[in-house]
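In: below: sequence and its predicted model.
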Amino acid sequence: MAGWTVSFIMAPIELLKAKLQMQLVGPKLYSGPIDCAKQIVRHRGVVGLWHGLGATLLFRGWIGILFGSYEVIIRGFKSVPEESKWRVSDGMAVFLAGGLGSTAFWCFSFPFDAVKK
């Protein structure tokens, strides 16, 4: 839910960022973020600043995968018996669970991140 809420703020910012980044090759269409926003509003209206909002909502909606997979993985590490050779320290468990949770998030959300650009 929080990811969707922030999407309404981030969608215009990400749109401006993407448009400015895409002009690295070829002619410069915008002199900066303000000029870019002015041109979008001139051609599409104020609503044009939220072009790509759907993809942003889908991208941010996957954040639950990150936290959910983190919890499942960290509980798995904590369930390993103390005497097992596979037991890792608490710090290593947090590190690995965070990395694997982030990997799960990006596996699902990357297509939506690519589409919104």
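Out: It's in.

In: contact partners for the residue located most distally from the centre of the chain?
Out: Here the chain reaches farthest from its C-alpha mean at residue 83, the gap being 38.9 Å by Cα atoms, centre = their mean. Contact partners of residue 83, counting by Cβ atoms under 8 Å, 6 or more residues apart in numbering, are absent. From N, CA and C alone the C-beta is placed, and that goes for glycine too.

In: what distance do you get for it to residue 97?
Out: 21 Å (Cβ to Cβ, to the nearest Å).

In: what number of residues lie near residue 6?
Out: Neighbour count of residue 6, defined by other Cβ atoms under 10 Å: 13.

In: model confidence over the one helix or strand it maps to, on average?
Out: Element membership for residue 6, per DSSP states H and E: helix 2-22. Across helix 2-22, the average pLDDT comes to 87.

In: same thing with stretch 100-113?
Out: 92.

In: quick one: the strands in this structure, in order.
Out: Using DSSP state E, the chain contains no strands.

In: the helix holding residue 6: how far from the chain's middle?
Out: 10 Å (Cα atoms, centre = their mean, to the nearest Å).

In: hey, C-alpha coordinates of it in CSV?
Out: Coordinates of each C-alpha in helix 2-22 appear next as CSV, following Å, rounded to 0.1, in the frame of the first residue of the first chain:
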residue,chain,number,x,y,z
ALA,A,2,2.8,2.4,0.8
GLY,A,3,4.5,1.6,-2.5
TRP,A,4,1.4,2.6,-4.3
THR,A,5,1.1,5.8,-2.3
VAL,A,6,4.6,6.9,-3.1
SER,A,7,4.1,6.1,-6.8
PHE,A,8,1.9,9.1,-7.2
ILE,A,9,4.8,11.3,-6.1
MET,A,10,7.6,9.3,-7.8
ALA,A,11,5.9,8.8,-11.2
PRO,A,12,6.5,12.4,-12.4
ILE,A,13,10.0,12.4,-11.0
GLU,A,14,10.9,9.1,-12.7
LEU,A,15,9.4,10.3,-15.9
LEU,A,16,11.5,13.4,-15.9
LYS,A,17,14.6,11.4,-15.0
ALA,A,18,14.0,8.9,-17.8
LYS,A,19,13.4,11.6,-20.4
LEU,A,20,16.6,13.4,-19.4
GLN,A,21,18.6,10.2,-19.4
MET,A,22,17.4,9.2,-22.8
